[in-house]
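Novice: next input, structure requested:
(chains A, B, C and D)
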There are 2 protein chains.
Amino acid sequence: MGVVDGKPGLRELKKQRTRAAISDAAITLFLEHGFNQVSVAQVAEAAEVSKRTLFAYFPTKEDLVVHRLADHETEAARVVRARPPGTAPLTALREHFLTGLRERDPISGLNDHPQVRRVHRMILDAPSLVARMEGFKTGAERALAQALQETADTPELTARLAAVQIVAVQWALAQDNAERLAYGEPADERYAGAVEDAEHAFTLLENGLHHLTPQR
Amino acid sequence: MGVVDGKPGLRELKKQRTRAAISDAAITLFLEHGFNQVSVAQVAEAAEVSKRTLFAYFPTKEDLVVHRLADHETEAARVVRARPPGTAPLTALREHFLTGLRERDPISGLNDHPQVRRVHRMILDAPSLVARMEGFKTGAERALAQALQETADTPELTARLAAVQIVAVQWALAQDNAERLAYGEPADERYAGAVEDAEHAFTLLENGLHHLTPQR
DNA sequence: GAGTAAATGTATACCAGGTGTAGAAATCAC
DNA sequence: GTGATTTCTACACCTGGTATACATTTACTC
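Specialist: Now for the predicted structure:
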């Protein structure tokens, strides 16, 4: 029953294999023809599995894509929890984001490998997938809020407010990078600007928006 | 063709009437039995219209509900654009939000009329409707970013970052209020706390998160 | 006021995502 | 092996949404 079972068993093994086969078939087909252009029946056929079985492994068509990104949902929360003692949450998060940029982590929007870009394009072209990504943000907010509350001794409301701000900003930064890469800018060329933007964004988070001038 | 036409015409009139009939039938049925428990065919029948006609007026089932909230998508942007000269965007938005609380605007989450609460419950119970609301947030962010950029002489990135933070915070405040009301707290009783929370949130937006202690 | 083009509504059939059911087949424990 | 349990499958079905082809209504022109 547990995730890591002492007795893998033939059953568990086949399950994992089937799951991987379905997921692989799905990604391959989706990348080739587009998410909306491929039916779940086609995916099931390609994976040599019945439609019903497919839905036993992935409750919705969208899950065939997004299950691979599930880990990222709690990433910010984990970073906050794992920060070294004496470090402010925002500092740890900024450091982590900058590391992501440096390593071209796809989540930072700064990875221009064709594979990654094709995945990105596939998601943007399918409204239902975009909606699921939005849902991810909500999950990330909740997890981060809890992490802040528990590890930074922050009141519930403040934790929630901080969490939604942070998640929104990180998301915006990543989207901005991805958008520029989609326009053809190479990642290495964008890197310096991405770092600058990230620094600016985290500074804004720390110091607030009072610089917004009243000028009209 | 224009929204306000000198010649309403019988055609236009009937169209509006049909549209209203469909929308009313939908809301009534959805509130009574739940969004997912009512099929569009039932709505069409209740409105004495064919299914195809229904979809000519509302492109998706969700639109039967959310078309009534479409105005709110650009509300924050309008507030920023309409602020008196010499006023900071955040000041205008805070003022507007507080006014919403005072007037128990449903968008502030502080309206406990049974109708409003039932609508709220209906939305929360239907994942596809929740997803649509998330989409609203995205639209609100975009509109607000543009308003900030155009009226506050803010760089594009800063405007976007500020916009996502502001929208996220307002949404969180409203959700928090709505949640408490859903738990039975009367709006009048919650009012003072809601104002306090809003003030706190906007202060946080203005002054930043540097108060988040590193304490572990 | 009659005739006609355009817009609107309808019936019907269809596609895709997703579920319920009952039973076949594989796996496991003994 | 045998029996119980899980997993898979085939099949039928429901619902949201679209395509087509046709009927009806409205509005404009003369």
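Novice: strands along chain A, start to end?
Specialist: Taking DSSP state E as the criterion, chain A contains no strands.
Novice: check the spacing between residue A:77 and chain B real quick.
Specialist: Plainly put, residue A:77 is 14 Å away from chain B if you go by C-beta to the nearest C-beta, to the nearest Å. The C-beta positions use only the backbone N, C-alpha and C, and glycine is treated the same way.
Novice: ditto for residue A:37
Specialist: 20 Å.
Novice: and what of residue A:173?
Specialist: On the measure of C-beta to the nearest C-beta, residue A:173 and chain B end up 8 Å apart.
Novice: list the helices and strands the longest helix anywhere in chain A packs on?
Specialist: Longest helix in chain A by number of residues (criterion: DSSP state H): helix A:156-182. Applying 3 or more C-beta pairs under 8 Å, 6 or more residues apart in numbering or on different chains; DSSP states H and E, we find helix A:156-182 packed against helix A:75-81, helix A:89-102, helix A:114-124, helix A:127-151, helix A:187-207, helix B:156-182, helix B:187-207.
Novice: OK, contacts around the residue nearest the centre of chain A?
Specialist: Nearest to the geometric centre of chain A sits residue A:72, at 4.6 Å (C-alpha atoms, centre = their mean). Contacts for residue A:72 (C-beta atoms under 8 Å, 6 or more residues apart in numbering or on different chains) come out as A:107, A:136, A:140.
Novice: repeat the analysis, applying 10 Å as the threshold.
Specialist: A:66, A:78, A:105-107, A:136, A:139-140 (C-beta atoms under 10 Å, 6 or more residues apart in numbering or on different chains).
Novice: pull the helix or strand with minimum mean pLDDT from chain A.
Specialist: helix A:9-33 (a mean of 90; mean pLDDT, DSSP states H and E).
Novice: next, the buried residues of that one.
Specialist: Residues A:18-19, A:22-23, A:25-27, A:29-31 are the ones in helix A:9-33 that count as buried (16 or more other C-beta atoms under 10 Å in any protein chain shown).
Novice: excluding its backbone neighbours, what's nearest residue A:124?
Specialist: Nearest residue to residue A:124, sequence neighbours excluded (C-beta to C-beta, 6 or more residues apart in numbering or on different chains): residue A:130, at 6.6 Å.
Novice: residue A:130 reaches residue B:138, doesn't it?
Specialist: Yes. Between residue A:130 and residue B:138 there is a contact at 8.6 Å, judged by C-beta atoms under 10 Å.
Novice: one step back: give me the distance between the residue nearest to residue A:124 and residue B:166.
Specialist: Distance, residue A:130 to residue B:166, by C-beta to C-beta, to the nearest Å: 22 Å.
Novice: can you pick out the residue with more neighbours from the two?
Specialist: Neighbour totals were compared for residue A:130 and residue B:166, and residue B:166 leads with 29 against 17 (other C-beta atoms under 10 Å in any protein chain shown).
Novice: check contacts around the more buried one.
Specialist: Going by C-beta under 10 Å, 6+ apart, residue B:166 touches A:165, A:168, A:209, A:212, B:76, B:80, B:89-90, B:93-94, B:97, B:140-141, B:144-145, B:148, B:201-202, B:205.
Novice: the closest residue to residue A:208 other than its chain neighbours: neighbour count?
Specialist: In this structure, residue A:208 finds its nearest non-sequential neighbour in residue B:208, 3.5 Å apart by C-beta to C-beta, 6+ apart. Neighbour count for residue B:208, taken as other C-beta under 10 Å: 20.
Novice: do you know how far the residue of chain A found nearest chain B is from residue B:189?
Specialist: Proximity of chain A to chain B (C-beta to the nearest C-beta) peaks at residue A:208, 3.5 Å away. To residue B:189, residue A:208 is 31 Å away according to C-beta to C-beta.
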